[in-house]
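S.K.: need the 3D shape of this:
(one chain, ligands or ions: 1)
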Amino acid sequence: MICSEQETLLEMIDLALPYTKHGKVATYIPALGEADPDTLAVSIYTTNGECYSAGNINQKFTLQSISKVITLALALMDHGEDYVFSKVGMEPTGDPFNSIAKLETLVPSKPLNPMINAGALAVTDMIAGSTVEERLGRILSFIHEMTNNTSIHYCDKVATSEYETADLNRALCYFMKQHRVVIGDVEQLLELYTKQCAIEVDCKDLAIIGYVIGNEGVNPDTKRRVIPMQIARIVKTFMVTCGMYNASGEFAIRVGIPAKSGVSGGILGAVPYGMGIGIYGPALDEKGNSIGGMKLLEGISHRFNLSIF
Ligand code: GLU
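M.R.: This next block holds a predicted model:
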């Protein structure tokens, strides 16, 4: 039998689905261009391990920029706030996610925040470990600990597709290496970053990750603290101020949930103390956010009164 929460989610998907017609899937990473633009799916993870889902929920997709939240938490755990924020700032930017402009005008050169590509690349450069495999393994283990799903891995096809076409990110890395923001080897950094972005999940995995972040770092099933409380708070705050690209301000007003989106069409939502949301809808608006996913999240926030403001 379908419970009322699930029925509500189905109704909301029906209301948001027509918006996908006005979006486009990302094609600058060629493999992402193969996604079906009409897909829309949601999972909501709530207390007591209840998970409600609707739409094409078996569809897997890559984290893309959502992975920036995870690597930020890991880098903060590896090195502490002082070191991480000596290299990456804390301020939102109105520029597109892959812009190089501010790197040149800010003196000393420092990416504005860890959610734009420059900042995320600098953060990935900090992930501890002696090889790309070891460092990627640490990122994956961290995700396994949050989701209790040890089958999560990266998609080689998407990673290779991005690695071979990532010339703008390459340029950002070389610029930052010149300014000592990036320390390690640039090609190894790009290999790790593109694999991290290509980690494949479904909506339920994303909803549990959102729950853990919203729950100040504690896994609801194992009761283990996976992320220190202060780091979970930092991550959540970046999700509010910079998580939805240069639409973060409008999103905070219309939806009011700490969230991070990726160009694959995923959205991670972390409602403080008791709800995680995972959304997938690969048709994007002009700022790179899932167009159907944004509508869906707006509807869910209003319906369940979830704005934190
Ligand atoms: N891997 C993507 C890139 O660096 C992530 C971008 C995104 O999802 O915003 O271009």
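
S.K.: where does the chain come near the ligand, residue by residue?
M.R.: Listed as neighbours of the ligand in the chain under the rule Cβ under 6 Å from any ligand atom: 64, 65, 97, 98, 117, 162, 169, 197, 262, 263, 288. (Glycine included, C-beta is placed from N, CA and C.)

S.K.: can you map out the helices along this protein?
M.R.: Here the chain has its helices, by DSSP state H, at 4-16, 67-79, 81-87, 101-105, 117-126, 132-147, 156-165, 167-178, 186-197, 203-214, 229-242, 248-254, 291-304.

S.K.: centroid residue for the protein?
M.R.: Of all residues in the chain, the one closest to the mean position by Cα atoms, centre = their mean is residue 66, 1.1 Å from it.

S.K.: before we move on, the earlier item: the helices of the chain into TSV, with extra columns for mean pLDDT?
M.R.: Listed next are the helices of the chain as TSV, based on pLDDT from 0 to 100:
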stretch	mean pLDDT
helix 4-16	92
helix 67-79	98
helix 81-87	97
helix 101-105	78
helix 117-126	97
helix 132-147	98
helix 156-165	98
helix 167-178	95
helix 186-197	98
helix 203-214	97
helix 229-242	97
helix 248-254	96
helix 291-304	96
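
S.K.: now tabulate these in JSON lines and tack on mean neighbour count and distance to residue 284.
M.R.: Formatted as JSON lines, the helices of the chain follow (neighbours: other Cβ atoms under 10 Å; distance: least, Cβ to Cβ, whole Å):
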{"stretch": "helix 4-16", "mean neighbour count": "16", "distance to residue 284": "14"}
{"stretch": "helix 67-79", "mean neighbour count": "23", "distance to residue 284": "17"}
{"stretch": "helix 81-87", "mean neighbour count": "14", "distance to residue 284": "29"}
{"stretch": "helix 101-105", "mean neighbour count": "13", "distance to residue 284": "22"}
{"stretch": "helix 117-126", "mean neighbour count": "26", "distance to residue 284": "16"}
{"stretch": "helix 132-147", "mean neighbour count": "18", "distance to residue 284": "23"}
{"stretch": "helix 156-165", "mean neighbour count": "18", "distance to residue 284": "16"}
{"stretch": "helix 167-178", "mean neighbour count": "17", "distance to residue 284": "17"}
{"stretch": "helix 186-197", "mean neighbour count": "22", "distance to residue 284": "15"}
{"stretch": "helix 203-214", "mean neighbour count": "27", "distance to residue 284": "17"}
{"stretch": "helix 229-242", "mean neighbour count": "19", "distance to residue 284": "17"}
{"stretch": "helix 248-254", "mean neighbour count": "17", "distance to residue 284": "14"}
{"stretch": "helix 291-304", "mean neighbour count": "22", "distance to residue 284": "6"}
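
S.K.: can you list those helices in a markdown table and add distance to residue 59?
M.R.: Formatted as a markdown table, the helices of the chain follow (distance: least, Cβ to Cβ, whole Å):
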| stretch | distance to residue 59 |
| --- | --- |
| helix 4-16 | 13 |
| helix 67-79 | 18 |
| helix 81-87 | 34 |
| helix 101-105 | 35 |
| helix 117-126 | 25 |
| helix 132-147 | 16 |
| helix 156-165 | 14 |
| helix 167-178 | 26 |
| helix 186-197 | 18 |
| helix 203-214 | 8 |
| helix 229-242 | 23 |
| helix 248-254 | 23 |
| helix 291-304 | 13 |
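
S.K.: can you pull the pLDDT of residue 93?
M.R.: Listed pLDDT for residue 93 reads 82.

S.K.: from residue 181, how far off is the closest residue to it other than its chain neighbours?
M.R.: Nearest non-adjacent residue to residue 93, counting by Cβ to Cβ, 6 or more residues apart in numbering: residue 112, 4.6 Å away. Residue 112 sits 12 Å away from residue 181, going by Cβ to Cβ, to the nearest Å.

S.K.: ditto for residue 299
M.R.: 40 Å.

S.K.: likewise residue 272?
M.R.: Distance of residue 272 to residue 181, given as Cβ to Cβ: 32 Å.

S.K.: which of those two has more neighbours?
M.R.: residue 181 (23 against 16; other Cβ atoms under 10 Å).

S.K.: ok and the residue in the stretch 101-250 of the chain nearest the ligand?
M.R.: Residue nearest to the ligand within the stretch 101-250 of the chain: residue 197 (3.6 Å; Cβ to the nearest ligand atom).
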